[in-house]
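Enquirer: Model the structure of this input:
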Amino acid sequence: MTRVLIVEDEPSYVEALRLVLGAEASRSIPPSTARRPRALPGSPARVILLDLMLPAISGLDVLRRCAASRLA
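Expert: All right, here's what the predicted structure looks like:
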């Protein structure tokens, strides 16, 4: 099973992505959680579906934090 991490602030988009991917193949985190690097999932995702225009943080910043937490 491929791990897919969804970071999206619009619940209807998350649900649509889960329907397409299959609920067991995806995990989503709320954008408020994405601001805290320690709260990001510990097991690596093979794919990240990331909204670049999140309300409180840039999606690029989330991506940088994901990369930094994997390299640490």
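Enquirer: From start to finish, how long is stretch 53-66 in a straight line?
Expert: 16 Å (C-alpha to C-alpha, to the nearest Å).
Enquirer: buried residues in that stretch?
Expert: Along stretch 53-66, these residues count as buried under the neighbour rule (16 or more other C-beta atoms under 10 Å): L54, G59, V62, R65, C66. Quick note: C-beta positions are derived from backbone N, CA and C, even for glycine.
Enquirer: Tell me where the model's unsure across this protein.
Expert: 1, 23-26, 29-44, 70-72 (pLDDT under 70).
Enquirer: in it, which spans are strands?
Expert: For the chain, the strands defined by DSSP state E occupy 4-7, 26-29, 47-50.
Enquirer: Convert the C-alpha atoms of the last one to CSV, please.
Expert: Extracted as CSV, the C-alpha positions of strand 47-50 are listed here (Å, rounded to 0.1, in the frame of the first residue of the first chain):
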residue,chain,number,x,y,z
VAL,A,47,3.3,10.9,-1.9
ILE,A,48,2.2,14.2,-0.4
LEU,A,49,-0.8,16.0,-1.8
LEU,A,50,-0.3,19.5,-0.5
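Enquirer: For that strand, buried residues please.
Expert: Those would be I48, L49, L50, for strand 47-50 by 16+ other C-beta under 10 Å.
Enquirer: which one of the residues you listed is nearest E8?
Expert: Nearest to E8 among the buried residues of strand 47-50 is L49, at 7.0 Å by C-beta to C-beta.
Enquirer: if we can go back for a sec, would you reformat the buried residues of stretch 53-66 as a markdown table and include distance to T2?
Expert: Formatted as a markdown table, the buried residues of stretch 53-66 follow (distance: C-beta to C-beta, whole Å):
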| residue | distance to T2 |
| --- | --- |
| L54 | 23 |
| G59 | 21 |
| V62 | 20 |
| R65 | 22 |
| C66 | 16 |
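Enquirer: if you look at the residues you listed, which of them are in helices?
Expert: Applying DSSP state H to these, the entries found in helices are G59, V62, R65, C66.
Enquirer: ok, so of those residues, who is nearest V7?
Expert: Of these, the one sitting nearest to V7 (C-beta to C-beta) turns out to be V62, at 5.8 Å.
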